[in-house]
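**Student:** sequence below, structure please.
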Amino acid sequence: MSNTGVFITGAAGFIGRRLVAALAGDPQWQPLVAFDLRPVPAAERLPGVVYIAGDIRDPAIATYFLQHRPRSVVHLASVVAAGGDPQRDYEIDVKGTENVLRACRDSGVAHLVVTSSGAAYGYHADNPVPLRESDALRGNEDFSYARNKRLVEELLAQWRQDCPTLAQTVFRPCTVLGPGTSNQITAMFRRPLVLGLTGTATPFSLIADSDVVAALAQAVRSGQSGQYNLAGDGTLSLRQIAQRLGKPYLAIPPFLLKAALWLLHALGVTQLGPQHVKFIQYRPVLDNTQLKSAFGYVPELDASAVFERYAGSMS
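**Tutor:** Below is the predicted model of the structure:
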């Protein structure tokens, strides 16, 4: 039996739901399987979509791959927040991806699309600006989120050598913003003032959720392989973000923020520690030339338009 259809992990997430909706109406991608740890309520399910509640860490995921025989797999399931349980995060990001790769191989999947992260480059003072796909993926050993993204990319690279019949499209998104986005980054924008750090402008590469979904859908339809930074044109600094929000901007020395996070972490107020200061201090600025020229996708919104669209949805 030849493989057809698309299997999406993390399908109940912020991007996953939108991608399922984008592909659901096209009979070319049947069966369309939406797989997530979180069950999707019946009222929110789309016709023609097979919904499965399951864990990518469970080897039993291979059973669903063999049952539905997808041609393409879009692997979105991952840890999206920094500062959680390091061992659990590793098991989800790295071991979960390894499970998905094995299931792809054993069920004859032809094409795997993966969302990695710009965090795979790591948060380093000497990062090139901008970062290109040919630059080193260094992660950060003391920052599990970035370390795991690097490990996932190393795993994918090994599988490109060992299993060349499985084509891979790997996207490295920057900060994703859309109406209603709520995460550790957007929490910075919702405070009474925008807090930054002295000695850095903290430029944010931004990409709209709609552009992420469109790029993923294009990857499914074209089957084109490669590794691509996923970012809109331009950047916005925290000072510029504060101006657009009409809020005051305060830059403090990094050592003060490290001390504050150490104390708050010790008191159990936050999961973030001093090592996470680099998350703001050394933001990766992503070059999108390869995305536009080699992959053939031009983001509709630049960084400024992405933020204005997000800000317009803030209550």
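
**Student:** which SSE is residue 201 in?
**Tutor:** Using DSSP states H and E, residue 201 maps to neither a helix nor a strand.

**Student:** contacts only, for it.
**Tutor:** 237-239 (C-beta atoms under 8 Å, 6 or more residues apart in numbering). (Glycine included, C-beta is placed from N, CA and C.)

**Student:** for it, give me the backbone phi and psi.
**Tutor:** The phi and psi torsions at residue 201 (degrees, to the nearest 10) take the values phi -80, psi -10.

**Student:** now swap in residue 296 and tell me
**Tutor:** According to degrees, to the nearest 10, residue 296 has phi 90, psi 20.

**Student:** what about it, neighbour count?
**Tutor:** Residues lying near residue 296 (other C-beta atoms under 10 Å) number 11.

**Student:** if I look at it, how far off is residue 222?
**Tutor:** Residue 296 sits 8 Å away from residue 222, going by C-beta to C-beta, to the nearest Å.

**Student:** then residue 250?
**Tutor:** Counting by C-beta to C-beta, the gap from residue 250 to residue 222 is 46 Å.

**Student:** out of everything not next to it in sequence, what's closest to residue 218?
**Tutor:** Leaving aside its chain neighbours, residue 218 sits nearest to residue 297 (5.5 Å; criterion: C-beta to C-beta, 6 or more residues apart in numbering).

**Student:** next one: residue 203
**Tutor:** Distances taken as C-beta to C-beta, 6+ apart place residue 235 nearest to residue 203, at 3.8 Å, with adjacent residues excluded.

**Student:** touching, residue 172 and residue 230? I think so.
**Tutor:** Yes. Between residue 172 and residue 230 there is a contact under C-beta atoms under 8 Å: 6.1 Å.

**Student:** need the overlap of contacts for those two.
**Tutor:** Among the neighbours of residue 172, those also in contact with residue 230 (C-beta under 8 Å, 6+ apart) are residue 286.

**Student:** can you count the residues close to residue 235?
**Tutor:** Residues near residue 235, counting by other C-beta under 10 Å: 22.

**Student:** doesn't residue 255 lie inside a helix?
**Tutor:** Yes. Residue state for residue 255 (DSSP: H, G, I helix; E, B strand; the rest coil) corresponds to a helix.

**Student:** low-confidence ranges in the stretch 201-315 of the chain?
**Tutor:** Residue ranges of the stretch 201-315 of the chain with pLDDT under 70: 315.

**Student:** which stretches of it form strands?
**Tutor:** Assigned strands in the stretch 201-315 of the chain, in chain order: 203-204, 206-208, 226-230, 236-237, 249-252 (criterion: DSSP state E, counting those that start in this stretch).

**Student:** need the residues that contact the helix or strand where residue 161 lies.
**Tutor:** Here residue 161, judged by DSSP H and E, is contained in helix 144-162. By C-beta under 8 Å, 6+ apart, the surrounding residues in contact with helix 144-162 are 78-79, 81-84, 86, 89-90, 93-94, 97-98, 101, 114, 116-117, 119-120, 122-123, 137-141, 166, 168, 170.

**Student:** of those residues, which belong to strands?
**Tutor:** 114, 168, 170 (DSSP state E).

**Student:** if we can go back for a sec, which of the contacts of residue 201 tops the neighbour count?
**Tutor:** The most crowded member of the contacts of residue 201, judged by other C-beta under 10 Å, is residue 238 (23 neighbours).

**Student:** what's the helix or strand for the spatially closest residue to that one that is not a sequence neighbour?
**Tutor:** In this structure, residue 238 finds its nearest non-sequential neighbour in residue 196, 4.1 Å apart by C-beta to C-beta, 6+ apart. Assigned by DSSP H and E, residue 196 belongs to strand 194-197.

**Student:** and the helices in the stretch 201-315 of the chain, which stretches?
**Tutor:** Assigned by DSSP state H, counting those that start in this stretch, the helices in the stretch 201-315 of the chain fall at 209-222, 238-245, 254-266, 278-281, 289-290, 303-312.

**Student:** give the contact list for residue 112.
**Tutor:** Residue 112 makes contact with 72-73, 75, 100-101, 104, 166-169, according to C-beta under 8 Å, 6+ apart.

**Student:** neighbours around residue 191, how many?
**Tutor:** 10.

**Student:** tell me how far it lies from residue 6.
**Tutor:** Separation of residue 191 from residue 6 (C-beta to C-beta): 39 Å.

**Student:** hang on, the earlier thing: tell me the phi and psi of the residue nearest to residue 203?
**Tutor:** According to degrees, to the nearest 10, residue 235 has phi -140, psi 170.

**Student:** what do you get for residue 253?
**Tutor:** Phi and psi for residue 253, reported as degrees, to the nearest 10, are phi -60, psi 140.

**Student:** nearest residue to it in space, ignoring adjacent ones along the chain?
**Tutor:** residue 198 (5.2 Å).

**Student:** could you do residue 249 as well?
**Tutor:** Here the residue nearest residue 249, using C-beta to C-beta, 6+ apart, is residue 242, at 3.7 Å.
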